[in-house]
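S.K.: Okay, structure incoming, though there's no sequence with it:
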Ligand SMILES: Nc1nc2c(ncn2[C@@H]2O[C@H](COP(=O)(O)OP(=O)(O)OP(=O)(O)O)[C@@H](O)[C@H]2O)c(=O)[nH]1
């Protein structure tokens with residue numbers, strides 16, 4: 001099920017990880033280059049405590065380079081960083097954090113996700129200087145703080161506007177690198193996110209749903225800090241999983257619990273266009289309920305199509321379920337009303353009301369639905385469509401919900417759908433949950449829609 005989409009999501013995750021790792025290697029290489037051989041001048045200057053201008057693009061270089069001036073910095077080697085930064089590194093990090101903490105909050109995932117965009121307010125080198133000096137001064141004066149004493153916090157807070165052109169605080173990047181971490185930046189993800197957007201749209205995911213997924217991934221990943229040892233792939237998977245769940249799980253409720261807690265009989269009416277699997281789904285649901293100890297009666301409100309009564313009667317007899325039916329051409333509302341009467345008289349738990357296949361544009365059929373609503377006042381109206389119909393199913397779900405409010409959806413023929421676009425989009429577009437997936441023509445081929453299980457399956461994360 002949805003294999004095509006699974007394969008496309010796998011490609012995105014691999015590419016996003018590769019890009020972010022390249023960024024990590026670039027930062028490590030930069031960091032190692034800057035900490036490997038401190039220059040004569042740097043060492044001498046730091047001895048004298050003079051300001052040391054740092055190359056403008058130094059990320060952590062400002063602090064790390066400076067520290068190396070006093071002693072070779074035990075740069076956190078890629079892949080085996082110590083868990084705890086060395087005392088120098090922690091002093092520098094402390095200085096950076098302290099200076100930052102007075103000027104800006106610790107970057108949380110959400111803060112980091114809104115990189116400041118205002119241009120730096122002072123020339124890069126001076127700014128770098130300040131950071132370098134503060135760290136240098138820190139590591140210069142008594143590099144090893146007394147046991148149990150906190151290194152003196154620098155008083156000079158990093159300037160709010162202390163943002164590098166890449167949109168992240170110089171001090172934050174410096175602190176990150178000192179701690180052996182790397183910041184995932186927006187430009188690192190642009191290509192993989194573009195690829196993901198194409199994959200989602202090709203899989204019939206509705207445009208607004210694809211954009212919601214991408215926005216959430218950017219918000220969660222961009223600015224994300226991670227240790228060199230942490231796998232970017234895990235961060236990407238987590239961000240993609242959260243984003244998919246946030247759109248697929250809209251409005252979800254526990255159907256079994258709803259049935260158990262409802263006043264009986266619970267009345268469910270099914271609507272949708274011709275041939276999508278409404279009648280088959282009703283038969284499957286009757287068995288699903290029976291397997292869970294709930295009795296049901298089927299009321300055939302499809303008095304429009306010739307042969308409808310025979311088809312549903314076959315299912316009822318096979319399943320030994322009571323059927324209420326009227327002559328073809330009868331009033332659907334009257335049939336379902338009789339079904340409720342029968343259930344009340346015979347202590348039946350659930351009434352399953354079929355209706356004729358209809359397009360949302362056929363006024364008289366939509367008026368029929370409105371009359372059923374008035375006469376029967378069903379507890380749930382479920383929209384049935386084919387998962388394989390993709391975008392068409394999404395559009396119809398929205399149109400049916402606009403015309404006669406639905407409470408949930410059943411997507412049939414998911415066994416034949418490799419795209420998964422409708423399964424991902426319908427809940428977000430209508431605000432109503434997908435409750436079941438039809439996965440074949442057998443009476444047991446009906447499964448509860450479980451967003452977590454679906455997303456884990458799409459990402460290959462299932463146990
Ligand atoms: N593969 C597959 N086929 C299904 C599924 N659900 C229904 N079908 C088939 O789809 C066809 C139409 O099913 P029906 O239940 O008659 O559809 P309907 O919506 O009631 O059609 P009308 O009564 O004309 O409105 C039948 O051949 C079903 O066996 C499913 O989940 N998977």
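M.R.: Here it is on my side, so go on. Just so we're clear, the structure is a prediction, and the values are computed from it rather than from any experiment. Numbers count the residues shown, from 1 in each chain.

S.K.: Can you name the residue of the stretch 1-150 of the chain nearest the ligand?
M.R.: Closest residue of the stretch 1-150 of the chain to the ligand, CB to the nearest ligand atom: residue 1 (10.6 Å). To be clear about C-beta, it is placed using only N, CA and C from the backbone, and glycine gets the same treatment.

S.K.: That residue against residue 411, yeah?
M.R.: No - contact criterion CB atoms under 8 Å: residue 1 and residue 411 do not qualify, at 10.6 Å.

S.K.: And these two? Which one has more around it.
M.R.: Ranked by neighbour count (other CB atoms under 10 Å), residue 1 and residue 411 place residue 411 first, with 29 against 18.

S.K.: I'd like the distance between the residue nearest to residue 416 when sequence neighbours are not counted and residue 419.
M.R.: In this structure, residue 416 finds its nearest non-sequential neighbour in residue 388, 5.2 Å apart by CB to CB, 6 or more residues apart in numbering. In this structure, residue 388 and residue 419 are 8 Å apart, going by CB to CB, to the nearest Å.

S.K.: got the buried residues for stretch 412-428?
M.R.: 412-414, 417, 419-428 (16 or more other CB atoms under 10 Å).

S.K.: List the residues that contact whatever residue of the chain ends up closest to the ligand.
M.R.: Closest contact between the chain and the ligand, by CB to the nearest ligand atom, is at residue 438 (2.6 Å). By CB atoms under 8 Å, 6 or more residues apart in numbering, residue 438 lies in contact with 277, 280-281, 284, 387, 410-415, 445-446.

S.K.: got it, and residue 448?
M.R.: 255-256, 435-436.

S.K.: Specify the beta-bridge partners of it.
M.R.: Residue 448 has these beta-bridge partners by DSSP bridges: residue 436.

S.K.: helix/strand/coil for residue 384?
M.R.: strand (DSSP: H, G, I helix; E, B strand; the rest coil).

S.K.: Would you confirm that it contacts residue 272?
M.R.: Yes - between residue 384 and residue 272 there is a contact under CB under 8 Å: 3.9 Å.

S.K.: got any residues that touch both of these two?
M.R.: Common neighbours of residue 384 and residue 272 (CB under 8 Å, 6+ apart) are residue 278.

S.K.: any weak-confidence spans in the protein?
M.R.: Applying pLDDT under 70 to the chain picks out residues 20, 23-183, 225-232, 462-463.

S.K.: could you redo the last one with a cut-off of 80?
M.R.: Flagging of the chain using pLDDT under 80 yields the residue ranges 1, 16-189, 222-235, 304-306, 308, 358-362, 365-366, 404, 461-463.

S.K.: ranges for the strands of it?
M.R.: 181-183, 225-227, 266-271, 296-301, 322-324, 350-355, 380-386, 408-412, 434-438, 446-448 (DSSP state E).

S.K.: what lines up beside the longest one in the sheet?
M.R.: Each strand that pairs with strand 380-386, with its direction, by DSSP bridges: strand 266-271 (parallel), strand 408-412 (parallel).

S.K.: Out of those, which one sits most buried?
M.R.: strand 408-412 (a mean of 27; mean count of other CB atoms under 10 Å).

S.K.: And for it, what's in contact with it?
M.R.: Outside strand 408-412, the residues that reach it (CB under 8 Å, 6+ apart) are 251, 255, 270, 276-277, 280-281, 380, 382-387, 393, 397, 422-423, 426-427, 430, 432-438, 449.

S.K.: what about 7 Å?
M.R.: 276-277, 281, 380, 382-387, 393, 397, 422-423, 426, 432-438 (CB atoms under 7 Å, 6 or more residues apart in numbering).
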